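In: Kindly return the folded structure for what I paste below:
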Amino acid sequence: MRTVLNISMPKSMAKKIEQETKRGSFASKSEFIRSVFRFWEEQLLLQELDKSQKEMEEGKGIILKSLKDLR
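Out: The predicted structure follows:
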């Protein structure tokens, strides 16, 4: 199921989205926005992974041998 969102942005941003769509980089303006959102989600995940890695390096992490160790 899809939801329609109306957004407001500066003309310069809208123009860049239009240019990328016309170049064929994206099938539609909506696909461009979805791509940006997916990139943002990936960056959040990478930040979490980086934080976890630093915790492990600092000896704050716990190595689980099985799912029972989660309890």
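
In: who does the longest helix belonging to the chain touch, helix- and strand-wise?
Out: Taking DSSP state H as the criterion, the chain has its longest helix at helix 29-57. On a contact count with 3 or more CB pairs under 8 Å, 6 or more residues apart in numbering; DSSP states H and E, helix 29-57 meets helix 11-23. To be clear about C-beta, it is placed using only N, CA and C from the backbone, and glycine gets the same treatment.

In: May I see the buried residues of the helix it packs on?
Out: Of the residues in helix 11-23, 17, 21 count as buried by neighbour count, 16 or more other CB atoms under 10 Å.

In: tell me what it is packed against?
Out: helix 29-57.

In: what angle do the helix it packs on and helix 11-23 make?
Out: Angle, helix 29-57 to helix 11-23, by axes from the mean of the first three to the mean of the last three CA atoms, to 10 degrees: 100 degrees.

In: The chain should start at 35 in everything you say after this.
Out: Fine by me, first position is 35 from now on; the one you just mentioned is helix 63-91.

In: tell me which residues of helix 63-91 are tucked away?
Out: Neighbour counts using 16+ other CB under 10 Å place residue 66 of helix 63-91 among the buried residues.

In: Now that helix: average pLDDT?
Out: Taken as a whole, helix 63-91 has an average pLDDT of 95.

In: so how far is that helix off the chain centroid?
Out: Its chain's average C-alpha position is 4 Å from that of helix 63-91, according to CA atoms, centre = their mean, to the nearest Å.

In: now stretch 57-70
Out: Relative to its chain's centre, stretch 57-70 lies at 15 Å (CA atoms, centre = their mean).
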